Every structure is written in structure tokens, then in C-alpha cells.
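**Q** Structure, please.
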Amino acid sequence: MAAILLGVLYYVLLVFWLLLLGRLVVELVRTFARDWRPTGVAVVIIESVFTVTDPPIKALRRVLPPIPLGPIRLDLSLMIVMLVVIIAMNVVGGFAGR
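**A** Numbering: from 1, shown residues only. Take a look at the predicted model:
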């Protein structure tokens, strides 16, 4: 029974990591193509991705604000959340026997 729950938790973490990866891609596109505006189904998908991934990222930003580097600010919160999710996947996968 515990292996099943750990397996489900592993796949939930995997889906969350994929959503974080999607958010990273969207943020990179918005950074390099500032005039890009999603339309149609893309708006719904991107809004869903941001709605799911915002809580942990915003919580981490309160603890670790973006680092000012001259005229830009380096935000590490997304990378840290992705790293934590990968570590959690490895731990859960180890306990589940993956």
C-alpha cells in the first residue's frame, strides 16, 4: 500500500516539475520576445500553469527576494523550486523502489 502511495506521489511531483519546466519556457519567451502575447488556448494553458506553480514560487520570493545585479534582478526562486522538486522525486523514487 505504501509503495502505491509513493508511486502516486512520485508522479504528482513529476507532473508538477513538468509544469515548472513549462513556466520556465514561457518566462524565457516573454523575456526575449517582449511583444509576444499568447492567444486562444495558449492563454488558458499558460494561466493554468502559472496558477498551479505560483504558490511555492511566491512563498520562496518572500524569503529570498530577487538579487539586484546592477540594472537587472536575478530571480532564483523558480530554479530553487525545480531543484527541490527533483530532490523530492529522487527521495520518493528511492523509497518507492524506482
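**Q** Helix, strand or coil: sort out the spatially most central residue of the chain for me.
**A** Centroid check for the chain by Cα atoms, centre = their mean gives residue 20 as the closest residue, at 2.4 Å. Assigned with DSSP: H, G, I helix; E, B strand; the rest coil, residue 20 falls in the helix class.
**Q** Need the pLDDT of residue 98.
**A** Residue 98 carries a pLDDT value of 62.
**Q** ignore the last one, residue 36
**A** Note on residue 36: pLDDT of 87.
**Q** one step back: residue 3 versus the residue nearest to the centre of the chain, what's the distance?
**A** Using Cβ to Cβ, to the nearest Å, residue 20 is found at 26 Å from residue 3. Heads up, the C-betas are built off the backbone N, CA and C, glycines and all.
**Q** ok, residues contacting stretch 15-28?
**A** 46, 49-50, 52-53, 78, 81-82, 85-86, 89 (Cβ atoms under 8 Å, 6 or more residues apart in numbering).
**Q** would a markdown table of the residues you listed with secondary structure, pLDDT and neighbour count be doable?
**A** Formatted as a markdown table, the contacts of stretch 15-28 follow (DSSP: H, G, I helix; E, B strand; the rest coil; pLDDT from 0 to 100; neighbours: other Cβ atoms under 10 Å):
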| residue | secondary structure | pLDDT | neighbour count |
| --- | --- | --- | --- |
| 46 | helix | 95 | 17 |
| 49 | helix | 96 | 18 |
| 50 | helix | 96 | 15 |
| 52 | helix | 97 | 15 |
| 53 | helix | 96 | 20 |
| 78 | helix | 95 | 18 |
| 81 | helix | 97 | 20 |
| 82 | helix | 97 | 18 |
| 85 | helix | 98 | 19 |
| 86 | helix | 98 | 14 |
| 89 | helix | 96 | 19 |
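**Q** export the residues you listed to CSV and tack on distance to residue 32?
**A** As requested, the contacts of stretch 15-28 are arranged in CSV below (distance: Cβ to Cβ, whole Å):
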residue, distance to residue 32
46, 16
49, 18
50, 18
52, 24
53, 20
78, 16
81, 22
82, 20
85, 25
86, 25
89, 29
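**Q** Many thanks, we can stop here.
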